[in-house]
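[1] Turn this into a structure:
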Amino acid sequence: MMRDDVGTSGPPPAGSPFRMPAGWPGPPPRTPAEPAGDAATARDGIEPVLREIWQEVLGVSPIDRGDNFFDLGGHSLLAVRVFAQIRARLGRNLPLVTLFRAPTIGRLAEAVSRSEPAAPWSPLVPIGPAADAGGAPVFLLHGLTGEIMNLRALALRLAAAHPVYAVRARGLDGGPPPLGRVEDMADYYLDHIRRVRPHGPYRLLGFCFGGLVAYEMARRLSAAGETVSFLALLDSGFHQRLLTPLGRLRYELAKQRIHLESLWRLPAGERLEYLRLRLATRVSGKSAEISYLAYLPDGVDVPAELRDVTLAAARAFCRYEPGAYSGPLIYVRPEGRDFRNILDFAPEWRRKVAGGVAVVAVPGDHMTMLEPPRVDALAGRLLPLLQRTAER
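    Below you'll find the model as predicted:
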């Protein structure tokens, strides 16, 4: 099963060196003081409905008003189902990113009960109060599915020391239609980023497909005379058709190795079926774009908007040809390899980056490096590097 979600992203485990930003809303106490008047009455009527929705979607019961959605096994696709039920049963159309600041029933009920109109849609989502502080923000770009829920644990840890904005794709949460070219995404995101940060230095961090968009953004900023003080790609690579002959050989060998490892891990009775499915995929000629839907979680109905955004990103990935970049680049390489990250792309990036490529190895694989407890190691590698660029 291939997932683009985070199973849990609550506070760091005991003994972790990371602290949540001052003022960040953590889980509320089990018996908080009740607000007075109409606000309390409205929220009290909403909480039982939210509890029922959570229990149905998460398959967990009972659920307390202080339980964290992510700690209960929630991820981006389950969140989509929760918010669809909120629209249907409570008549409120809230953006999915509401769960960043309201991950409990108590806090979500407060958000639902507010009567103010929603803010205009933006791809930028401020993470923690530090996003409003001075200094160069870190702009953390989405992966292939366009969602940022899987980046929540990392974003919170980085926001303990730096202003952070997560960047989500168009086409989600009622936003404008998705874009189909990396170049267009780069222009669109830079237009919004310049509204909060008119001039550099800029700090860009992209996960998976988002690393390609961050790379193109850095190229455009550099061409415009702006300073990019930090550019890091979290396990990002480009299409294999653009590899050198040696790179294509490395890619094919790595893919066959992963196939053999996957086959070896299966019980003997399932190996023939695995081979049959692999052969059927080759014979069917399934398009490369459609194959990227495997990044969406199994066992959950995929909302149309999430499928559309993923397919648009897959098309953009297949079309994009990264040009040369004059600045330095940090390539974050997880130790584990699977079909989402077949190749170590550091040698390939070195062909395009004049300023040098620094490789940072982290535990986990393409997805588990973003999940507790391994995300602590990832943040631990990134924070010192970011600190060096804080004042540039």
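
[2] distance of R307 from L156?
    Using CB to CB, to the nearest Å, R307 is found at 28 Å from L156. Backbone N, C-alpha and C define where each C-beta goes, glycine included.

[3] For G206, which three-state class applies?
    Classification of G206 by DSSP: H, G, I helix; E, B strand; the rest coil places it in strand.

[4] Also Y331?
    strand.

[5] Count the residues that sit near it.
    25 (other CB atoms under 10 Å).

[6] Test my guess that it contacts L233.
    Yes: the criterion here is CB atoms under 8 Å, and Y331 meets it with L233 at 5.5 Å.

[7] Of R307 and L156, give the one with the bigger neighbour count.
    Between R307 and L156, counted using other CB under 10 Å, L156 has the larger neighbour count: 24 against 14.

[8] The more buried one: which element?
    Assigned by DSSP states H and E, L156 belongs to helix 152-159.

[9] And that helix, what's buried?
    Under the neighbour-count criterion of 16 or more other CB atoms under 10 Å, helix 152-159 has 152-159 buried.

[10] Please export the C-alpha coordinates of that helix as PDB.
    Provided in PDB are the C-alpha atoms of helix 152-159 (Å, rounded to 0.1, in the frame of the first residue of the first chain):
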ATOM      1  CA  ARG A 152       2.300  18.800   9.400                       C
ATOM      2  CA  ALA A 153       4.700  17.000  11.800                       C
ATOM      3  CA  LEU A 154       7.700  18.400  10.000                       C
ATOM      4  CA  ALA A 155       6.200  21.900   9.700                       C
ATOM      5  CA  LEU A 156       5.500  22.100  13.400                       C
ATOM      6  CA  ARG A 157       9.000  21.200  14.300                       C
ATOM      7  CA  LEU A 158      10.500  23.700  12.000                       C
ATOM      8  CA  ALA A 159       8.100  26.400  13.200                       C
END
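
[11] All the helices of this structure, residue numbers only.
    With helices called from DSSP state H, the chain shows them at 38-58, 76-90, 98-101, 105-113, 152-159, 182-196, 209-223, 245-265, 268-284, 288-291, 304-319, 346-350, 374-388.

[12] returning to what we had before: and for Y331 and L233, which residues touch both?
    The contact sets of Y331 and L233 overlap at W349 (CB atoms under 8 Å, 6 or more residues apart in numbering).

[13] Where does pLDDT dip in the stretch 151-300 of the chain?
    Low-confidence segments of the stretch 151-300 of the chain (pLDDT under 70): 254-266, 271, 273-300.

[14] Check the stretch 1-150 of the chain too.
    1-43, 115-118, 129-134.

[15] which residues touch L243?
    250-251, 343, 348.

[16] State the distance from it to P347.
    On the measure of CB to CB, L243 and P347 end up 10 Å apart.

[17] what's the domain layout of this protein?
    If you go by automatic domain parsing, the domain ranges for the chain are 38-113, 124-238+313-388.

[18] so of those, which one's packed in deepest?
    domain 124-238+313-388 (a mean of 20; mean count of other CB atoms under 10 Å).

[19] and the end-to-end length of it?
    24 Å (CA to CA, to the nearest Å).

[20] How about stretch 218-232?
    For stretch 218-232, the end-to-end distance is 10 Å (CA to CA).

[21] Show me the contact partners of it.
    Contacts of stretch 218-232 (CB under 8 Å, 6+ apart): 136, 138, 186-187, 190, 199-206, 214-215, 323-332, 360, 382, 385-386, 389, 392.

[22] to the chain's geometric centre, what's the distance from that stretch?
    22 Å (CA atoms, centre = their mean, to the nearest Å).

[23] hang on, the earlier thing: now the domains of the chain in TSV, with distance to A268?
    Converted to TSV, the domains of the chain look like this (distance: least, CB to CB, whole Å):
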stretch	distance to A268
domain 38-113	32
domain 124-238+313-388	22
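
[24] do you know which of those lies nearest P267?
    domain 124-238+313-388 (19.1 Å; CB to CB).

[25] The closest one: how far from the chain's middle?
    With CA atoms, centre = their mean as the basis, domain 124-238+313-388 stands 10 Å off its chain's centre.

[26] can you pull the contacts of G364?
    By CB under 8 Å, 6+ apart, the contact list for G364 reads 334-336, 370-371, 374, 377-378.

[27] Please repeat the previous calculation with a cut-off of 10 Å.
    G364 makes contact with 235, 334-336, 370-371, 373-375, 377-378, according to CB atoms under 10 Å, 6 or more residues apart in numbering.
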